[in-house]
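Chemist: sequence below, structure please.
(chains A and B)
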Amino acid sequence: MKKYSILTLIAVLGILGLSSCEKKPIDPPANNEPLELTLNWVGLINGKDLPALGTNTFSPKSSGELIDITNWAFIVSHLALIKDDGDTVLLGDGYQWISPRGKRTQFTYKGIPSGNYKGISFMIGLDSAVNHGDPNKWPADHPLNPNLNGMHWGWSGGYIFQALDGLFKDTAAGSSSKGFSFHTATMPLVRNYELPFSFSIEKSSKTATINMHAERFFSFPNNIALKTKSVSHSEGTLEFQLMEKILENMQGGVFELADVK
Amino acid sequence: MEIIKKKLLFSKLWLFLSISLLLFSCREEEDPSKNNHIYKPTAVSPSEIFPTEFGMPPLPADNPFTVEGIYLGRMLFYDPILSIDSSISCSSCHIQEFAFADPQKLSTGVFGLKTGRNAPSLFNMAYSRKFFWDARVNTLRDLVFEPIQAHNEMAMTLPLLETRLRRNQKYIDYFNKAFNTEPNLLDMSKAMEQFLLSIVSKDSRFNQFFPGTNSHLLNASELRGAFIFNGLVDFDAQGKTKGADCFHCHGGEMAQQQNPLMGGIASNGLPGAVVDKGVGGITNRSQDLGTFKAPSLLNIALTAPYMHDGRFNTLEEVVEHYSTGVNYDHPNIHPQMSAHGGIQLNLSQEQKDDLLAYLRTMTDFTFISNPAYSNPFK
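Modeler: Here you go, the predicted model:
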């Protein structure tokens, strides 16, 4: 009897010992692999790929002007999929910093619920509490970290929601170029976007392509002539009004959910 | 009875073997510090180094801070053993009292050779992702090998350097303490990376003022200068601008734009032909010709002469450049600078004085005398 007790004790100790040496518990195989959605933001100008075009390449816009976009970046919040029933599924924590020239254009989100969707929504800008909160609280790799995105005014001014900088030539006046700079900021200039497109995510992960038509900043419905005014930092009445016109153009068709497959 | 004793002995033997086997199978998890032959360096939390008001920078995951690693890096920074003729160290051209910049226009390397550019200041580098004036290097670990090997700086060969380190008892001891290794080049670069990352400047009056709630810290002229520095270029009917828009390329708590596209790399319209290609010399792209990394303006009053080529001897000359001397026809001038129409700012004398007064609030006297960054051999 004693012999069996000792042998049992040895066996139990052995099993416990071996199990305690396991470095990582092995998760049971999942029945449903989490679905992923990759969001691809494609910067275009007159249908051509903006990053591939490189800078120092001028493209025509309305008003007979030529433009060279050297920097285009914006901060997105509340980024979400819109379900058929109108509910939304937040992508990550809903924040993203997108920069076609900085090659920050492709992001993959995990754990997407299967189902039918009717579009993607987002806001360019931030809620007031986030915009005016402590910018240094964000981790080093978070899109709202100012050391990463360089899009915080400093002080208590909050974030630049969108920066669009570049050079333009007024072809009528000769070939020398001048700079343009449009920096969107302050709460009244936050704008929401909803991009309709019916798609379903069921058995496999998907990639959604959002085309971004840069030339439309300046063209529809408002014609923005850079030779008249080529700068707005959203400060003062004139700059604020100009920025409102540009944002109206943006809502008029800069963003297009072109494909989900 | 004898049989029972034997069986008990046999069982005890099994128990002993089982436990031995169990301990043997867990050997991988032994604490290395219990081995007397292995030195365990003292970890330093990044929160002890970086101020909360700067936020936490991205740090290399494979090179955690240790007391011994930082100290080894500091020794190497100050040791002329790194140069071919043992005549100069990193600190010969990066001098603490000048915010680790060099008061010479061009620094002097071994054999009296001159460098090609003005030596930049060194601090808050943990927040940067591009190094050197032409932004050619992405990590401090890689950076250290450039001046060590440059023919007009330290002119050292790496095999010789490793040999020297391996023959030096103090480095044999300190590499063991910091990395549990013999001296080697990879750990040398990691130690120097730790030291360089740990250099922080955060105590200037500007930094105390920065949240904007401590305006009493600045006098009237400095405060006016703050508004000019952070004000946008906007000409009134008399042609006078209220701001000089310095902050787009030199903004934030560290007075530096880290995003290359937002002004972190730019041409600031220096007059004359583009002699130094700058970033364009690395990328071979025409749009980068004559562009350079925009430096932090912290400690700017200490880091004369100015610009990549040291062309301006004083801060007054720098301010005058931005007031009346910008070459708006520079092919790659930053759009932000020419977006107001390419008109010289023509700041008044009072505006220039105020701006200079504000720039001088950015000097961090604690930093330049901080013993943690000083020569460990003195």
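
Chemist: local confidence estimate at the residue lying closest to A:Leu66 once chain neighbours are set aside?
Modeler: Leaving aside its sequence neighbours, A:Leu66 sits nearest to A:Phe58 (C-beta to C-beta, 6 or more residues apart in numbering or on different chains; 3.7 Å). (Each C-beta comes from the backbone N, C-alpha and C, glycine too.) Here, the pLDDT recorded for A:Phe58 equals 78.

Chemist: close to chain A: what parts of the stretch 151-300 of chain B are there?
Modeler: Within reach of chain A by C-beta under 8 Å from any C-beta of the partner chain, the stretch 151-300 of chain B has these residues: B:210-212, B:230, B:232, B:234, B:247, B:251-253, B:257-264, B:285-287.

Chemist: nearest residue to B:Ala178 in space, please, no chain neighbours.
Modeler: What sits nearest to B:Ala178 in space, not counting adjacent residues and going by C-beta to C-beta, 6+ apart, is B:Glu68, at 4.0 Å.

Chemist: ok, the one you found - how many residues close by?
Modeler: 21 (other C-beta atoms under 10 Å in any protein chain shown).

Chemist: okay, and it sits in which element?
Modeler: Element membership for B:Glu68, per DSSP states H and E: helix B:67-78.

Chemist: heading C-terminal from that helix, find the next helix or strand.
Modeler: Using DSSP H and E, the helix or strand that follows helix B:67-78 in sequence is helix B:90-93.

Chemist: the helix or strand just after that next one: how far from the chain's middle?
Modeler: For helix B:90-93, the following helix or strand on the C-terminal side (DSSP H and E) is helix B:140-143. Remark: helix B:140-143 is offset 10 Å from the chain centroid, using C-alpha atoms, centre = their mean, to the nearest Å.

Chemist: please apply the same query to stretch A:91-110.
Modeler: Mean-position distance between stretch A:91-110 and its chain equals 4 Å (C-alpha atoms, centre = their mean).

Chemist: what bits of chain B have low per-residue confidence?
Modeler: B:1-37 (pLDDT under 70).

Chemist: apply 50 and report the result again.
Modeler: Applying pLDDT under 50 to chain B flags the ranges B:1, B:19-36.

Chemist: can you name the residue of it nearest to chain A?
Modeler: Residue of chain B nearest chain A, by C-beta to the nearest C-beta: B:Asn259 (2.7 Å).

Chemist: surely that residue meets A:Gly150?
Modeler: Yes: using C-beta atoms under 8 Å, B:Asn259 is in contact with A:Gly150, at 2.7 Å.

Chemist: which of these two has more neighbours?
Modeler: A:Gly150 (27 against 21).

Chemist: state the distance from that one to B:Ile265.
Modeler: 11 Å (C-beta to C-beta, to the nearest Å).

Chemist: buried among the residues of the stretch 151-300 of chain B next to chain A? Make that a ChimeraX selection.
Modeler: Selecting only the buried entries of those in ChimeraX, with 16 or more other C-beta atoms under 10 Å in any protein chain shown as the criterion:
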select /B:210,230,232,234,247,251,252,253,257,258,259,260,261,262,263,264,287
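
Chemist: domains of chain B?
Modeler: Chain B breaks down by automatic domain parsing into domains covering B:46-202, B:205-362.

Chemist: return the distance of the last one from the chain's centre.
Modeler: This means domain B:205-362. Using C-alpha atoms, centre = their mean, the offset of domain B:205-362 from its chain centre is 20 Å.

Chemist: end to end, how far does it reach?
Modeler: One end of domain B:205-362 to the other measures 6 Å (C-alpha to C-alpha, to the nearest Å).

Chemist: which bits of the stretch 101-250 of chain A sit near chain B?
Modeler: A:101-102, A:135-141, A:145-156, A:163, A:165-167, A:176, A:178-181, A:230-231, A:233, A:235-236.

Chemist: show the buried residues in the residues you listed.
Modeler: For those, buried by 16+ other C-beta under 10 Å: A:101-102, A:135-136, A:138, A:145-155, A:163, A:165-167, A:178-181, A:230-231, A:233, A:235.

Chemist: just the ones of those residues in helices?
Modeler: In helices, judged by DSSP state H, the following of these are found: A:146-149.

Chemist: could you dump those to a markdown table with pLDDT?
Modeler: Shown next, in a markdown table, are these (pLDDT from 0 to 100):
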| residue | pLDDT |
| --- | --- |
| A:Pro146 | 92 |
| A:Asn147 | 90 |
| A:Leu148 | 91 |
| A:Asn149 | 94 |
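
Chemist: closest to B:Glu48 out of the residues you listed?
Modeler: The closest of those to B:Glu48 turns out to be A:Asn147 (C-beta to C-beta; 19.0 Å).

Chemist: tell me who's in contact with the residue of the stretch 51-200 of chain A found nearest chain B.
Modeler: For the stretch 51-200 of chain A, the residue closest to chain B is A:Gly150, as judged by C-beta to the nearest C-beta, at 2.7 Å. The neighbours of A:Gly150, taking C-beta atoms under 8 Å, 6 or more residues apart in numbering or on different chains as the test, are B:257-259, B:261-264.

Chemist: which members of those residues are the farthest-apart pair?
Modeler: B:Gln258 and B:Leu261 (10.6 Å).

Chemist: quick check: end-to-end length of stretch B:240-252?
Modeler: End-to-end distance for stretch B:240-252: 25 Å, by C-alpha to C-alpha.

Chemist: mind listing what's buried in that stretch?
Modeler: By 16+ other C-beta under 10 Å, the buried positions in stretch B:240-252 come out as B:241, B:243-252.

Chemist: okay but B:Pro57 is in contact with B:Phe50, surely?
Modeler: Yes: using C-beta under 8 Å, B:Pro57 is in contact with B:Phe50, at 6.2 Å.

Chemist: what do those two both touch?
Modeler: B:Ala126.

Chemist: Provide the secondary structure category for A:Leu195.
Modeler: Secondary structure, DSSP: H, G, I helix; E, B strand; the rest coil: A:Leu195 is strand.

Chemist: tabulate the CA atom coordinates of the helix or strand B:Val319 falls within in PDB.
Modeler: Take DSSP H and E as the rule and B:Val319 turns out to sit in helix B:315-320. Provided in PDB are the C-alpha atoms of helix B:315-320 (Å, rounded to 0.1, in the frame of the first residue of the first chain):
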ATOM      1  CA  LEU B 315      21.900  84.700 -33.500                       C
ATOM      2  CA  GLU B 316      21.400  88.300 -34.700                       C
ATOM      3  CA  GLU B 317      22.600  87.200 -38.200                       C
ATOM      4  CA  VAL B 318      20.200  84.300 -38.100                       C
ATOM      5  CA  VAL B 319      17.200  86.400 -37.300                       C
ATOM      6  CA  GLU B 320      18.300  88.900 -40.000                       C
END
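
Chemist: give me the low-pLDDT residue ranges for the stretch 1-150 of chain A?
Modeler: A:1-2, A:7, A:9-31.

Chemist: can you show me the strands along it?
Modeler: With strands called from DSSP state E, counting those that start in this stretch, the stretch 1-150 of chain A shows them at A:35-45, A:48-49, A:59-60, A:65-83, A:88-90, A:96-98, A:106-112, A:115-124.

Chemist: just checking: what are the partner strands of the third one?
Modeler: It stands for strand A:59-60. Partner strands for strand A:59-60, per DSSP bridges, with pairing direction: strand A:65-83 (antiparallel).
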